[in-house]
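Colleague: pasting the structure only:
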């Protein structure tokens, strides 16, 4: 028995461990199956998975990490919402206050910002991984389409959040970004009016982007995430070398 | 029925004569029991009506084999985020001012490839046709690539792999140029190399 195994054994026999966990560690298949099946968060997984799905170098956990980042962004975002008012006169000072006066405000905003960039990046990487494995082929065609919608939603989530600090980077990046969409033939004027709430980026734009960012797009993402995960199971589990 | 056959050897069983022209395979097999060189002694019950071909099991338990990897990955990501959050501050510039145009205004990094295209093509091409084509083409990919559905190895799907790789390499190059080589007024500049006439000290980019 190795040193680590003995440590493990000692830890599990200790009074503290046994007071913490009411059941012994699941060693047999039956209790391991129950550990997944009887847990509301874990039962997203099947009880057993194919062996290649466990290989880290096959998926690099890219989809899972994208979802994890989504959760982190939801939690940090909710915290930031307590201290932020989407008003052109107040938003910028709120950000300054978050950075200087709010407890862990700067850290939370930093994590939210970097997490957002990482999420876009990881969703891109996840799509590339799926492509190179040919995992969009039947029967998984529709789940690829759902994935593309999720990529688009992720980008929109990031883009709508970009405006909220209401500083020069935000203002001009959104001006450039929405100008690009303004070249859509026939629809350019209505779409821009709808998105900006006016002729240029202003108070209406801030409020619209805020509502899109904190409510509408997360809901859209949540619905498509549910379909995405459900379809993984229905389409025969995680893809593998056929 | 089989039981009955065994108990009373069916000498009495009559095979109805069939019109030779209409004799089928089944009729040919209908031989009187007495004509057979063997007899039915007993019937052995099968395990189930349908015999299932059981494949060798290549699965493992989700706990601990998959979940431990997921928890580890989530933990590593948390540490990375915490370190980034502690040591790199999110950018924040002056208050938004529609009257003060910055030296160069750049879109967020994931749109920079399109902004770079704007420098070469008409806005309808760069802002509408290219992104529309990429998005629609991307979404419809499984319905376009209808080749061998079992070809998942890269060597078996060279066209798809080469096209896809070229597409993202192109996007990456455009984004790279837009991040590092675009300065004031979105002119082409070279960062940090003062012996070039169009060099600037640093590059204009915010995450």
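Modeller: Cool, the structure landed. Every value quoted in this text rests on a predicted model; they were computed, and no experiment measured them. Residues are numbered from 1 along each chain as shown, chains lettered A, B, ... in the order given.

Colleague: Domain map for chain A?
Modeller: As given by automatic domain parsing, the domain ranges for chain A are A:1-44, A:55-234.

Colleague: Which one of the ones you listed lies nearest to chain B?
Modeller: domain A:55-234 (3.5 Å; Cβ to the nearest Cβ). Heads up, the C-betas are built off the backbone N, CA and C, glycines and all.

Colleague: Any idea how far apart the tips of the closest one sit?
Modeller: With Cα to Cα, to the nearest Å applied, domain A:55-234 spans 21 Å between its terminal residues.

Colleague: Geometrically speaking, which residue is the centre of the chain?
Modeller: Looking at chain A here, since you left the chain open. The centre of chain A sits closest to residue A:70, judged by Cα atoms, centre = their mean, with a distance of 1.8 Å.

Colleague: wait, I meant chain B there
Modeller: Nearest to the geometric centre of chain B sits residue B:142, at 8.9 Å (Cα atoms, centre = their mean).

Colleague: just to revisit the earlier point, would you format the domains of chain A as JSON lines with mean pLDDT and distance to residue B:152 included?
Modeller: Listed next are those as JSON lines, based on pLDDT from 0 to 100; distance: least, Cβ to Cβ, whole Å:
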{"stretch": "domain A:1-44", "mean pLDDT": "86", "distance to residue B:152": "25"}
{"stretch": "domain A:55-234", "mean pLDDT": "93", "distance to residue B:152": "4"}
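
Colleague: Return the most buried member of those domains.
Modeller: Among the domains of chain A, domain A:55-234 has the highest mean neighbour count (mean count of other Cβ atoms under 10 Å in any protein chain shown), at a mean of 18.

Colleague: one step back: hang on, the residue nearest to the centre of chain A packs against residue A:120?
Modeller: No - contact criterion Cβ atoms under 8 Å: residue A:70 and residue A:120 do not qualify, at 11.2 Å.

Colleague: And the strands in the chain?
Modeller: If you meant another chain, say so; for now it's chain A. Using DSSP state E, the strands of chain A run over residues A:48-50.

Colleague: oops, I was thinking of chain B
Modeller: B:59-61, B:190-191, B:199-200.

Colleague: For residue A:175, which of those is the nearest?
Modeller: Closest approach to residue A:175 among these (Cβ to Cβ): strand B:199-200, 22.6 Å.

Colleague: where's that closest one relative to the chain centroid, distance-wise?
Modeller: How far strand B:199-200 lies from its chain's middle: 43 Å, per Cα atoms, centre = their mean, to the nearest Å.

Colleague: ok, back up a step: got the domains of chain A as JSON lines, with distance to chain B columns?
Modeller: Listed next are those as JSON lines, based on distance: least, Cβ to the nearest Cβ, whole Å:
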{"stretch": "domain A:1-44", "distance to chain B": "5"}
{"stretch": "domain A:55-234", "distance to chain B": "3"}
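
Colleague: correct me, but the residue nearest to the centre of chain B touches residue A:139?
Modeller: No - using Cβ under 8 Å as the test, residue B:142 is too far from residue A:139 to be in contact (10.0 Å).

Colleague: hmm, stretch B:156-170 in reach of chain A?
Modeller: Yes - Stretch B:156-170 lies within reach of chain A by Cβ under 8 Å from any Cβ of the partner chain, at B:157, B:160-161, B:164, B:168.

Colleague: what's in contact with that stretch?
Modeller: A:128, A:131-132, A:134, B:134, B:145, B:147-148, B:151, B:154 (Cβ atoms under 8 Å, 6 or more residues apart in numbering or on different chains).

Colleague: ok so, going back, from the residues of stretch B:156-170 next to chain A, which land in helices?
Modeller: Counted as lying in helices by DSSP state H, out of the residues of stretch B:156-170 next to chain A, are B:160-161, B:164, B:168.

Colleague: Closest to chain A out of the residues you listed?
Modeller: Checking those against chain A with Cβ to the nearest Cβ, the nearest one is residue B:164 at 5.6 Å.

Colleague: What does the pLDDT read for that closest one?
Modeller: Per-residue confidence (pLDDT) for residue B:164: 94.

Colleague: For burial, what's the neighbour tally of it?
Modeller: Applying other Cβ atoms under 10 Å in any protein chain shown, we find 18 residues neighbouring residue B:164.

Colleague: related to what we said a few turns ago, report the two of the contacts of stretch B:156-170 separated the most.
Modeller: Maximum distance among those (Cβ to Cβ): 24.9 Å, for B:134 and B:148.

Colleague: between the two, who's got more neighbours?
Modeller: Comparing residue B:134 with residue B:148 by other Cβ under 10 Å, the one with more neighbours is residue B:134, at 14 against 11.

Colleague: hang on, residue A:167 packs against residue A:93?
Modeller: No - using Cβ under 8 Å, residue A:167 makes no contact with residue A:93, being 11.2 Å away.

Colleague: which residues touch stretch A:155-170?
Modeller: A:84, A:86, A:88, A:91-92, A:95, A:116-117, A:119-120, A:171, A:173-174, A:177, A:201, A:205-206, A:209-210, A:212-213, A:217-218, A:221, B:91-97, B:100, B:102, B:108, B:110-111, B:206.

Colleague: From these, which land in helices?
Modeller: Mapping these onto helices (DSSP H) picks out A:91-92, A:95, A:116-117, A:119-120, A:171, A:173-174, A:177, A:205-206, A:209-210, A:217-218, A:221.
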